[in-house]
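Trainee: Provided below for reference: sequence and predicted model.
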Amino acid sequence: MIIEVRSEEQTRAFGEKLGRSLKGGEVIELIGDVGAGKTSLTKGIAKGLGITEDVQSPTFTISRQYEGHDGIRLAHYDFYRINDAGIMADELHEVLGDPKTVTVVEWSSVVEDVLPDERIKITFTSPDIDTRELTIEGANGLGDIQ
């Protein structure tokens, strides 16, 4: 499935719709260049999960966690500056097993072997300066998230 967005607001709105469809236990891998909209999408997912806290990119902290509705948590990881995940890979592995946690991972190549085969993969591309295409794979069972 490919979703076209033309603004940060549209990216967040799609993320919010996706977030509302999540039940916990899902892993979402975000792939795209710097500035592609990965954190904007994550902010929308957080809103859809009922998170009111300001969601920030974990580029410098590597991970952040937020509490949502019905005991669901959002764990947001960003491995952009990491060459060896080390202990963070262990933390990620533990979080992935929690059925009440939605896990979002940016720059995942360093933890590729830790991520489950069954995950939602969203790839951001820019066919032109004003448009982002989000190619979504593995979103079976989420219903109509377009």
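Mentor: Everything's here; your move. For clarity, every value in this text was computed on a predicted model and none was experimentally measured.

Trainee: name the residues of the lowest-mean-pLDDT helix or strand in the chain that are buried.
Mentor: For the chain, counting by mean pLDDT, DSSP states H and E, helix 87-96 ranks last in confidence among helices and strands (a mean of 78). Neighbour-count burial for helix 87-96, with 16 or more other CB atoms under 10 Å as criterion, is recorded at 88-89, 91-92, 95-96. For the C-beta atoms, the positions are set from N, CA and C on the backbone; glycine is no exception.

Trainee: quick one: which helix or strand includes the residue lying closest to Glu8 once chain neighbours are set aside?
Mentor: If the residues on either side of it in the chain are set aside, Glu8 comes closest to Ser40, at 5.0 Å by CB to CB, 6 or more residues apart in numbering. Under the criterion of DSSP states H and E, Ser40 resides in helix 38-48.

Trainee: just checking, what packs against that helix?
Mentor: Packing contacts for helix 38-48, counted by 3 or more CB pairs under 8 Å, 6 or more residues apart in numbering; DSSP states H and E, involve helix 8-21, strand 27-31, strand 73-78, strand 101-106.

Trainee: quick one: list the elements packing against the first one.
Mentor: If you count contacts as 3+ CB pairs under 8 Å, 6+ apart, helix 8-21 packs onto strand 2-5, helix 38-48, strand 131-137.
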